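S.K.: Provided below are the primary sequence and the corresponding predicted coordinates.
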Amino acid sequence: MKVTCSKDELTRALAVVGRAVSTRASVQVLGGVLLRGGEGSLELAATDMELSLRLSVEAQVEGQGAVVAPGRLLVDLARLLPDNEVVLEHRAEQGVLEITCGPAAYKLNTYSAEDFPKLPEVEGAQTFTVDNAERRSAQGAGARPRSLVETSKPARVPISQIVMTRIGFQC
């Protein structure tokens with residue numbers, strides 16, 4: 001599989017998908033980003049088994065295939081690439097992903113795509129769009145979370161305990 005795409009699009013997509021890369025060391029493949037070349041697009045996916053993110057980027061794809069590359073390393077490396085077209089070439093026989101962009105060239109060891117967890121299909125799922133101004137208004141209307149005991153440090157509330165309502169956020 002050989003994929004050519006814009007450095008800016010790849011960096012933006014990796015920044016989003018990289019948020020779901022697992023930091024746990026128990027299952028190494030969860031620390032990676034799945035790269036799947038299809039017809040005219042490169043699909044990127046990551047999961048930590050609680051949160052899964054998937055995104056597609058327009059690309060020129062030669063040959064179809066899939067590979068899992070180390071997530072954090074790939075995100076950091078993409079940011080450092082020069083502003084040129086990026087070529088990602090998976091060499092399955094060597095187990096590496098070659099990244100070329102202008103004068104920069106890198107080789108990353110990869111994981112097998114078969115080891116990556118199957119992500120649920122969301123075709124036909126109900127989606128909605130929230131106007132950014134309305135979202136900011138709703139965020140401003142809610143009270144900030146406070147701890148029961150007054151301390152010098154602000155309270156930290158896990159994101160799973162925050163619920164967005166029509167008026168604001170509740171904890």
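M.R.: That came through, no problem.
S.K.: who does the nearest residue to Met1 once chain neighbours are set aside bridge with?
M.R.: Setting aside the residues directly before and after it, Met1 is nearest to Gly65 in space (Cβ to Cβ, 6 or more residues apart in numbering), at 3.3 Å. C-beta coordinates here come from the backbone N, C-alpha and C atoms, glycine included. For Gly65, the beta-bridge assignment (DSSP bridges) gives partners Gly37.
S.K.: which residues touch Gly65?
M.R.: Shown in contact with Gly65 (Cβ atoms under 8 Å, 6 or more residues apart in numbering): 1, 36-37, 90, 92, 113.
S.K.: can you tell me which of the residues you listed are buried?
M.R.: Of all the contacts of Gly65 considered here, the ones buried according to neighbour count by 16 or more other Cβ atoms under 10 Å are 1, 36-37, 90, 113.
S.K.: include distance to Thr100 and pLDDT when you put those residues into JSON lines, please.
M.R.: Below are those laid out as JSON lines (distance: Cβ to Cβ, whole Å; pLDDT from 0 to 100):
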{"residue": "Met1", "distance to Thr100": "14", "pLDDT": "92"}
{"residue": "Arg36", "distance to Thr100": "19", "pLDDT": "95"}
{"residue": "Gly37", "distance to Thr100": "16", "pLDDT": "92"}
{"residue": "His90", "distance to Thr100": "13", "pLDDT": "95"}
{"residue": "Ala113", "distance to Thr100": "21", "pLDDT": "93"}
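S.K.: and which of those is nearest to Val130?
M.R.: Nearest to Val130, judged by Cβ to Cβ, of the buried ones among the contacts of Gly65 is Arg36 at 29.0 Å.
S.K.: I'd say the closest one and Val68 touch.
M.R.: No - with contact taken as Cβ atoms under 8 Å, Arg36 and Val68 are classed as non-touching, separated by 9.7 Å.
S.K.: what's the overlap in contacts for the two?
M.R.: With contacts taken as Cβ under 8 Å, 6+ apart, Arg36 and Val68 have Ala113 as neighbours in common.
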